[in-house]
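A.B. asks: 3D, please:
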Amino acid sequence: GDLLEVEIISDRGSYLEARITTIIESSPSRTNPTCSLFGICGGCSWQHLTYDAQLEGKRQILEETLRRIGGIEIDTPEIIPSPKVYGYRNNARLRFNSKGKACFYRFRSHDLVPVSTCSILEPQLNTVLHEMDQRTGTGPLPRETVLQLDEEGELHRFDLSSEKSPEPGFLQVNHQVNRILRKTVVEMVKGTAPLKVLDLYCGNGNLSLPLAEYAELIEGWDISGSAIADANRKARKLAEKKGTGDLFYRKSSIRKISMDLTKRAKNFSCLILDPPRGGLKGGGKYLAELEIPWILYVSCVPPVLARDLKLFYRNGYEVRSIKALDMFPQTWHLETVVLLSMKDPQH
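C.D. replies: Predicted coordinates for the structure are as follows:
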């Protein structure tokens, strides 16, 4: 919706890439970014859009990507908004420059940009950033640090340059939207009774533990030992408090347990998948061939989601429900939850 003067910087054959030189007339969807590092830091790329425009843009991207890459014609729902559009992010990965200043990466590079505050971080993390910026003295600093704020409000620091420091576990970056995500998963899956859940890439049980009161069996697998330990701790606490079905969380890669899963696939009615950003890669065909009646797939990258859904379509699955949540305001990323079933769900 802008009227622009641009400079062509490359010809890609079917399209041109350009750099904006002058905004002649602004779109109603354009707004002023709040962060002084906008366009420099590689984090928030959509701060120049109003929030309504961000949500509609994400919906269009999801719908177009599912159609173009996945061959899936589906009317995508409106995006469920984040309760907070700034100050929501509960973790940060920091690098330190030669002067000991905390930094993020510059956009599309490995150059370091000093940062003393970040508009999308939780206030408590910004307090830590400010303290780092004011730090004096010559004491050593780690080369790389991860800050995480858990759901109980406790701050955790991980020194990635130390072999003694534990690995930070995966944490959904937006606590409030993560609660909506868990509620969405329960609503989509709880009716697929009898519910026997296999949760792969389970992390700390974030998606499957809320199903404990509805499920006869939950078995989760993840390669992170710290995440599995956390999942089992939460499972024991849940079992003591409410009394639930069988809950098992174990450490392993999917590749190592693939033969065992092939033999036991009929024990499960629902497969939950929340893989890393790269998706299932070569494992999608194998998982589809397990023929578990229901699959709940969670992804934060629409092109990867579309690619993997195409594999399931080819192996006899179809989309039964789709929800999209704005886990990442001010960025193009989008959390999408898809429920698939075999075309005969009683298969």
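
A.B. asks: beta-bridge partners for residue 218, please?
C.D. replies: Beta bridges link residue 218 to residue 197, residue 247 when assigned by DSSP bridges.

A.B. asks: pLDDT value on the residue nearest to the spatial centre of the chain, please?
C.D. replies: For the chain, residue 300 is the residue whose C-alpha lies nearest the centre (C-alpha atoms, centre = their mean; 4.5 Å). We have a pLDDT of 94 for residue 300.

A.B. asks: who touches the worst-scoring helix or strand of the chain on mean pLDDT?
C.D. replies: Of the helices and strands making up the chain, the lowest-confidence element is helix 225-242, at a mean of 88, by mean pLDDT, DSSP states H and E. With contacts defined as C-beta atoms under 8 Å, 6 or more residues apart in numbering, helix 225-242 is touched by 166-167, 169-170, 202-205, 209, 212-213, 220, 222, 244, 247, 249-251. C-beta coordinates here come from the backbone N, C-alpha and C atoms, glycine included.

A.B. asks: strands - which of these land there?
C.D. replies: 220, 222, 247, 249, 250, 251 (DSSP state E).

A.B. asks: would you turn those residues into CSV with distance to residue 142, neighbour count and pLDDT?
C.D. replies: Output for the ones in strands among the contacts of helix 225-242, formatted as CSV (distance: C-beta to C-beta, whole Å; neighbours: other C-beta atoms under 10 Å; pLDDT from 0 to 100):
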residue, distance to residue 142, neighbour count, pLDDT
220, 31, 28, 96
222, 26, 25, 95
247, 36, 23, 91
249, 30, 25, 95
250, 31, 13, 95
251, 26, 17, 95
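
A.B. asks: just give me the closest of those to residue 148.
C.D. replies: Of all those, residue 148 sits closest to residue 222, with 17.0 Å by C-beta to C-beta.

A.B. asks: in stretch 217-232, what's buried?
C.D. replies: 217-222, 224, 226-228, 230-232 (16 or more other C-beta atoms under 10 Å).

A.B. asks: of all those, which two lie farthest apart?
C.D. replies: The most widely separated members of those, counting by C-beta to C-beta, are 217 and 226 (24.1 Å).

A.B. asks: output the below-cut-off pLDDT ranges for the stretch 101-250 of the chain.
C.D. replies: For the stretch 101-250 of the chain, the stretches with pLDDT under 70 are 136-141, 242-245.

A.B. asks: can you pull out the helices in it?
C.D. replies: Using DSSP state H, counting those that start in this stretch, the helices of the stretch 101-250 of the chain run over 123-133, 175-189, 225-242.

A.B. asks: closest to residue 88 out of these?
C.D. replies: Among the helices of the stretch 101-250 of the chain, helix 175-189 comes nearest to residue 88, with 6.8 Å by C-beta to C-beta.

A.B. asks: please compute how far that closest one lies from its chain's middle.
C.D. replies: Computed by C-alpha atoms, centre = their mean, to the nearest Å, the separation of helix 175-189 from the middle of its chain amounts to 13 Å.

A.B. asks: please point out which parts of that helix sit buried.
C.D. replies: Across helix 175-189, burial judged by 16+ other C-beta under 10 Å covers 175, 177, 178, 180, 181, 182, 184, 185, 188, 189.

A.B. asks: does the fourth one touch residue 324 like I think?
C.D. replies: This means residue 180. No - checked against C-beta atoms under 8 Å, the pair residue 180 and residue 324 is beyond contact range at 11.2 Å.

A.B. asks: which residues are common contacts for the two?
C.D. replies: What both residue 180 and residue 324 touch, as defined by C-beta under 8 Å, 6+ apart, is the set residue 80.

A.B. asks: related to what we said a few turns ago, got the angle for the least confident helix or strand of the chain vs strand 246-251?
C.D. replies: With axes from the mean of the first three to the mean of the last three C-alpha atoms, to 10 degrees applied, the angle from helix 225-242 to strand 246-251 works out at 170 degrees.

A.B. asks: and residue 322, how many neighbours?
C.D. replies: 21 (other C-beta atoms under 10 Å).

A.B. asks: partners of it in the sheet?
C.D. replies: As for beta bridges, residue 322 partners with residue 338 under DSSP bridges.

A.B. asks: what is the burial count for residue 234?
C.D. replies: Applying other C-beta under 10 Å, I find that residue 234 has 17 neighbouring residues.

A.B. asks: got the contact list for the closest residue to residue 327 other than its chain neighbours?
C.D. replies: Nearest non-adjacent residue to residue 327, counting by C-beta to C-beta, 6 or more residues apart in numbering: residue 335, 3.9 Å away. Residues near residue 335 by C-beta under 8 Å, 6+ apart: 177, 181, 298, 299, 300, 324, 325, 326, 327, 328.

A.B. asks: against residue 80, how distant is residue 335?
C.D. replies: According to C-beta to C-beta, to the nearest Å, residue 335 stands 9 Å off from residue 80.
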